[in-house]
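> Give the three-dimensional model of this entry:
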Amino acid sequence: MKTIKTLLTVLILSVSISSLKAQKGTLYTNFPESFENAPAGEAGYGKQNLELKSGSWTLYGARIDSFANDKPVTGSSAVRMLGNNTKECYLRMNFDVPDGASKVTFWYSSYATKADKSSKFRLEYSTDNGKSWQQTGEVIEAVSKVKQQATYNLDIKGQVRFRIVKLALGSDKNDPSIANGRLSLDDFAIYKN
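Below is the predicted model:
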C-alpha cells in the first residue's frame, strides 16, 4: 500500500511539473490585444487611458482608429502614432502580466499614404510596476506600408509590462530630409515564460 501511495505521489508531481512546463510559451489570456472596441480617435493624439480587452493602456501621441490606411491585422482598428513628433510617443500597458515573458510579437507598418515616410520605434519593459523601463532588442525602422511582424524572444521572469516608444526624430516641415512619418501598430501579444 505504501508503495502505491509513493507511486501515486510521484505520478501527481510529474503531471503537475509537465503541466507547468506546458504553460511556458503559451499566450496570455485576452492577448493578442487587437485594440478593438475603443473610442476611435476621440481624443486625437492627446494622452488618454483606455480600458481594452487585455487591461488598461495609456496612449500618448497615439490614437486608435479604423481608417483603411491604418491597415488593421485583426478586426477593424489599429493604433496610429503621430508623425513628425518632436517628443517621444508611446503605447503603454498600465498593468503587469504575472508569469514573465518568453516572447512578444506585434504587427507594424508606416501609415499607408504616399506622403508618410518611415519612422523608428523601440520596445521597452518594466519589472517594477512602470517606475523604470529598459529597452529590449534593437530600434526598428518601419519603412513598409504593408504590416510586418516584430518578434522579440525574451527570458523575463516574474511580473512585467511593456510599452512601444516611437522615437522623436523631428519634423520634415523644418528639415525635408527627416523621415518621421506616422506609425501603425496592431495585435500586441505576450507569451508566458
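
> what about Asn94, how many neighbours?
As a burial measure, Asn94 scores 15 neighbours (other C-beta atoms under 10 Å). C-beta here means a position set from N, CA and C on the backbone, and glycine is covered the same way.

> What pLDDT is listed against the nearest residue to it once chain neighbours are set aside?
Distances taken as C-beta to C-beta, 6 or more residues apart in numbering put Ser56 closest to Asn94, at 4.1 Å, once the chain neighbours are dropped. For Ser56, the model assigns a pLDDT of 96.

> go on, Ser110?
For Ser110, the model assigns a pLDDT of 95.

> Wait, it touches Glu141, no?
No. Using C-beta atoms under 8 Å as the test, Ser110 is too far from Glu141 to be in contact (9.2 Å).

> list the residues that contact both of the two?
118-119 (C-beta atoms under 8 Å, 6 or more residues apart in numbering).

> got any ranges where the protein has weak pLDDT?
1-23, 40-43 (pLDDT under 70).

> those helices in it, which residues are they?
2-23 (DSSP state H).

> Tell me where this structure has strands.
48-51, 56-60, 62-65, 78-81, 89-93, 101-110, 119-126, 134-142, 148-156, 161-166, 183-191 (DSSP state E).

> Go ahead and confirm the residue nearest to Asn94 touches Glu33.
No. With contact defined as C-beta under 8 Å, Ser56 does not count as touching Glu33 (11.2 Å).

> Those two: who's more crowded?
The neighbour comparison of Ser56 against Glu33 (other C-beta under 10 Å) goes to Glu33, with 23 against 12.

> Contact partners for the more buried one?
Per C-beta under 8 Å, 6+ apart, neighbours of Glu33: 52-54, 57, 187-189.

> So which of those is the closest to Ala115?
Asp187 (25.3 Å; C-beta to C-beta).

> Now the closest one: closest residue in space, sequence neighbours ignored.
Pro32 (4.3 Å).

> ok, that neighbour - how many residues close by?
If we define neighbours as other C-beta under 10 Å, then Pro32 has 19 of them.

> any idea how far Val79 is from it?
Using C-beta to C-beta, to the nearest Å, one obtains 12 Å as the distance from Pro32 to Val79.

> do Val104 as well
From Val104 across to Val79, the span is 15 Å (C-beta to C-beta).

> hang on, the residue nearest to Asp187 packs against Leu185?
No. With contacts defined as C-beta under 8 Å, Pro32 does not count as touching Leu185, sitting 11.2 Å away.

> Need the overlap of contacts for these two.
By C-beta under 8 Å, 6+ apart, the residues touching both Pro32 and Leu185 are Phe106.

> ok so, going back, with respect to burial, which of the strands of the chain scores highest?
Highest mean neighbour count among the strands of the chain (mean count of other C-beta atoms under 10 Å): strand 78-81, with a mean of 26.
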